[in-house]
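Undergrad: Would you be able to build a 3D model of this:
(2 chains)
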Protein chains: 2
Amino acid sequence: MAKVALIGTCDTKLQELLFLRDRIQDTTGVRTILVDVGRNETKHDAISISQSELLAKYGGGKNISELSRGEFIKFIAHVASEAVKELYQSGTIDGVVSVGGSGGTSLASAIMRGVLPIGFPKLIVSTIASGDTSRIVGETDMMLMYSVVDVAGLNQVPRDVLGNAGAAIAAAALSYAGRKANKATRPSSKKRVGITMFGVTTPGADAIRSHLESNYPIETYVFHATGNGGRSMERLVRDGELDAVIDLTTTEICDLVMGGVMSAGDGRLDAAAEVGVPTIISLGATDMANFGAKDTVPARFRDRTIIEHNPITTLVRSSADDCRQVGEFIC
Amino acid sequence: MAKVALIGTCDTKLQELLFLRDRIQDTTGVRTILVDVGRNETKHDAISISQSELLAKYGGGKNISELSRGEFIKFIAHVASEAVKELYQSGTIDGVVSVGGSGGTSLASAIMRGVLPIGFPKLIVSTIASGDTSRIVGETDMMLMYSVVDVAGLNQVPRDVLGNAGAAIAAAALSYAGRKANKATRPSSKKRVGITMFGVTTPGADAIRSHLESNYPIETYVFHATGNGGRSMERLVRDGELDAVIDLTTTEICDLVMGGVMSAGDGRLDAAAEVGVPTIISLGATDMANFGAKDTVPARFRDRTIIEHNPITTLVRSSADDCRQVGEFIC
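TA: Residues are numbered from 1 along each chain as shown, chains lettered A, B, ... in the order given. Model prediction:
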């Protein structure tokens, strides 16, 4: 029996959540755990973990009536994350799904990004899935599906969309449950090495991959240094999915220093050091930072060497001082 | 038996496509049709529609060797769209899936957006699914899943990700096939009315919904006028999924005129007129255009009334001349 956690605000979206729950449970061998993250307590037989139970068990009995909407979302996301983490760690759930607007998507995605590893099935049906999703998906394998119409009532479009979504997450959960059972009995014999790559470092990365995979029992994982790529690699390091890292392409640090669009934040390089995974760090592509269309390059770089890579990507040469800062960041 | 069209560049991603194909076919009652959209012809027993067959049957035997990469992608997307449209219209397929990098995602999403209706299962596993997806997803219910690592080789991460994706699209296709069989025998008795809404027009839209649904055999569909919302509504009009439109909120035209971020393009209002669906057009929220964070508002609007709605949304009052242009666009 596979189980899917269904996260939603029952005070505003109960009808849609129940419809989605039924579509999930249409799949033989799949059941749901409905977690209510609504602002106002809802009572319904279908709710497995009620809002008051969440608050009592994981929220220290805090009085939420005084919280603003923003404070409440942050608090309930934290509290529900604790509950979902417990469900995951005890092996109770094999997938997680949500349906909501911008608030619900922000809440559910924070839980999914925060406590569930890559490879664990995650899906959000959302009114904001067609647009900039980097703050929703982040460095994870979350599936996003645009709801097309507002999530308010069950006409034919939401019935079709939620029908597809329910079937999809149920089947992904069954697949995950099957793999989990197999992995427990068959540990991989190969070591896993992450490599960071960019256009200009591809020949180097390819040579490393070929050398490692031809000569050792090693699998390599390539991450494009686009901001999300570096974060994804560090995520997998923290999830225990990589045994070593060849951080060939640290251009994201150059973007951090110069204000480019492919920064991976100021925590880049932290994961391997924290977890204690062997790492080689190099300086691939730190001779440039990435910007969008040419007219978006900040005026302060007007005198630099600028390369228009394509209509939406412009490269700016790093200065001696930028490179010094990259070096200091690494050290 | 449900069938899933699997679209991919077999010259560069055959291993991943075959792995995904096997995961789809793990689901009882689901088979695949592998369509090769690669630049170079690939021969493999698993390929159902080969690149040369695509070109011969739908491409007028054009010589592709002279085409640049960009020209080829455009051409093969057009040719493969014809093939997929034929598979859809003949009722042969119940879902479509792809796995690829930026080129493959652009190609496969163009096919899915172009020839498949909302409600038909669509999924892309992509290296560019965490970021701005509006040009990929557009106004459709396409599911996107970030591949996390580069799509190049089958380590544990892509095996997990593609395992989830294969199970998900197979099950969604089964669900769609089931709904298709039911719909053929049970036509809906209710008429379907689309309504465009925005924060400031919500009370009006709610009153309309309540009046229509209480007094007539009508279902209403609400679309947020965010650019994607207006486009989604027009898409459903073209798909024959709406019987009438109350276009209460035409603020997207104001964004088009003023250069705001929520324009739905200059084809807005065309669909209902083209298809001949009864429509009432009003002027909801055309008193403002939408921009991002306050510092992104163009300098030419410095003297207007500006409202900082939240840290990422700023509203600018339309001028008499802007409003005249909105009126001319509508007429």
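
Undergrad: Could you pull up the contacting residues of the residue nearest the centre of chain A?
TA: The centroid of chain A falls nearest to A:Thr140 when counting by C-alpha atoms, centre = their mean (2.6 Å). A:Thr140 sits next to A:Met112, A:Arg113, A:Leu116, A:Ile118, A:Lys122, A:Ser232, A:Arg235, B:Ser130, B:Tyr146, B:Val148 when contact means C-beta atoms under 8 Å, 6 or more residues apart in numbering or on different chains. For glycine as for every other residue, the C-beta is placed from the backbone atoms N, C-alpha and C.

Undergrad: Contacts for the helix or strand hosting the first one, please.
TA: A:Met112 is located in helix A:102-115, with elements delineated by DSSP states H and E. Outside helix A:102-115, the residues within contact range by C-beta under 8 Å, 6+ apart are A:7-9, A:13, A:37, A:69, A:73, A:76-77, A:80-81, A:84-85, A:88, A:96, A:98, A:100, A:122, A:124, A:126-129, A:136-140, A:142, A:151.

Undergrad: and those residues, which of them are in strands?
TA: A:Ile7, A:Gly8, A:Val96, A:Ser98, A:Gly100, A:Lys122, A:Ile124, A:Ser126 (DSSP state E).

Undergrad: Of the contacts of A:Thr140, which is the nearest to A:Thr28?
TA: Among those, A:Lys122 lies closest to A:Thr28 (C-beta to C-beta), at 22.0 Å.

Undergrad: Show me how far stretch A:15-32 is from its chain's centre.
TA: 24 Å (C-alpha atoms, centre = their mean, to the nearest Å).

Undergrad: is it up against chain B anywhere?
TA: Yes: on the criterion C-beta under 8 Å from any C-beta of the partner chain, stretch A:15-32 is in touch with chain B at A:Arg23, A:Asp26, A:Thr27.

Undergrad: Quick check: chain neighbours aside, which residue is closest to A:Met112?
TA: A:Lys122 (4.5 Å; C-beta to C-beta, 6 or more residues apart in numbering or on different chains).

Undergrad: ok, now which ones touch that neighbour?
TA: A:Gly95, A:Val96, A:Val97, A:Met112, A:Leu116, A:Thr140, A:Asp141, A:Met142, A:Met143.

Undergrad: Most neighbours out of the residues you listed, which is it?
TA: Of all the contacts of A:Lys122, A:Val97 has the most neighbours under the rule other C-beta atoms under 10 Å in any protein chain shown, reaching 32 neighbours.

Undergrad: Beta-bridge partners for it, please?
TA: A:Leu6, A:Leu123 (DSSP bridges).

Undergrad: How much space separates it from A:Leu20?
TA: Distance, A:Val97 to A:Leu20, using C-beta to C-beta, to the nearest Å: 7 Å.

Undergrad: Please enumerate the shared neighbours of these two.
TA: A:Leu6, A:Val125, A:Ala165, A:Gly166.

Undergrad: Count residues in the vicinity of the second one, would you?
TA: When neighbours are counted by other C-beta under 10 Å, A:Val125 registers 31.

Undergrad: so which of the ones in strands among the contacts of helix A:102-115 comes closest to chain B?
TA: Nearest to chain B, judged by C-beta to the nearest C-beta, of the ones in strands among the contacts of helix A:102-115 is A:Lys122 at 8.9 Å.

Undergrad: So which elements touch the biggest helix by length in chain A?
TA: Taking DSSP state H as the assignment, the helix of chain A that covers the most residues is helix A:156-185. With contacts taken as 3 or more C-beta pairs under 8 Å, 6 or more residues apart in numbering or on different chains; DSSP states H and E, helix A:156-185 sits against strand A:2-8, helix A:10-25, strand A:30-36, strand A:95-100, strand A:122-126, strand A:143-146, strand B:143-146, helix B:156-185.

Undergrad: Touching, A:Ser50 and A:Asp36? I think so.
TA: Yes: the pair A:Ser50 / A:Asp36 is scored as a contact, 5.5 Å apart, by C-beta atoms under 8 Å.

Undergrad: So for these two, which sits in the more crowded spot?
TA: Applying other C-beta under 10 Å to A:Ser50 and A:Asp36 shows that A:Asp36 carries more neighbours, namely 28 against 18.

Undergrad: Specify the beta-bridge partners of the more buried one.
TA: Going by DSSP bridges, A:Asp36 forms beta bridges with A:Gly8.

Undergrad: A:Met288 too?
TA: Here A:Met288, judged by DSSP bridges, has bridge partners A:Arg317.

Undergrad: Now do the contacts for it.
TA: Counting by C-beta under 8 Å, 6+ apart, A:Met288 has contacts A:Thr251, A:Cys254, A:Ile307, A:Leu315, A:Val316, A:Arg317, A:Ser318.

Undergrad: And the contacts of the helix or strand the third one falls within?
TA: It refers to A:Ile307. Using DSSP H and E, A:Ile307 falls within strand A:306-310. Strand A:306-310 is contacted by residues A:Met288, A:Lys294, A:Val297, A:Thr314, A:Leu315, A:Val316, A:Arg317 when judged by C-beta under 8 Å, 6+ apart.

Undergrad: ok, now stretch A:146-162?
TA: A:13, A:15-16, A:19-20, A:23, A:99-101, A:104, A:125-127, A:129-130, A:145, B:118-119, B:137, B:139-142, B:176, B:179, B:188, B:192, B:197, B:219-224, B:228, B:232, B:236, B:241.

Undergrad: Out of the residues you listed, which end up buried?
TA: A:13, A:16, A:19-20, A:23, A:99-101, A:104, A:125-127, A:129-130, A:145, B:118-119, B:137, B:139-142, B:176, B:179, B:192, B:197, B:219-224, B:228, B:232, B:236, B:241 (16 or more other C-beta atoms under 10 Å in any protein chain shown).

Undergrad: Now do the same for the residue nearest to A:Thr42 when sequence neighbours are not counted: its pLDDT.
TA: Leaving aside its sequence neighbours, A:Thr42 sits nearest to A:Cys10 (C-beta to C-beta, 6+ apart; 3.8 Å). You'll see A:Cys10 listed with a pLDDT of 96.

Undergrad: I'd say A:Cys10 and A:Asp45 touch.
TA: No: using C-beta under 8 Å, A:Cys10 makes no contact with A:Asp45, being 11.7 Å away.

Undergrad: Which one of the two is surrounded by more residues?
TA: Neighbour count, other C-beta under 10 Å: between A:Cys10 and A:Asp45, A:Cys10 has more, with 24 against 6.

Undergrad: Next one: the more buried one from A:Leu18, what distance?
TA: 9 Å.

Undergrad: anything in contact with each of those two?
TA: Counting by C-beta under 8 Å, 6+ apart, the residues touching both A:Cys10 and A:Leu18 are A:His44.

Undergrad: Chain B contacts on the stretch 151-300 of chain A?
TA: A:152-153, A:155-157, A:160-161, A:163-172, A:174-176, A:179, A:188, A:192, A:197, A:219-224, A:228, A:232, A:236, A:241.

Undergrad: these two touch, right, A:Ala168 and A:Met143?
TA: Yes: between A:Ala168 and A:Met143 a contact is recorded at 7.4 Å, counting by C-beta under 8 Å.

Undergrad: and for those two, which residues touch both?
TA: In contact with both A:Ala168 and A:Met143: A:Leu123, B:Leu123, B:Met143, B:Ala168, using C-beta under 8 Å, 6+ apart.

Undergrad: which one of those residues has the most neighbours?
TA: Going by other C-beta under 10 Å, B:Ala168 tops the shared contacts of A:Ala168 and A:Met143 with 34 neighbours.

Undergrad: And that residue, what's its pLDDT?
TA: pLDDT, B:Ala168: 98.
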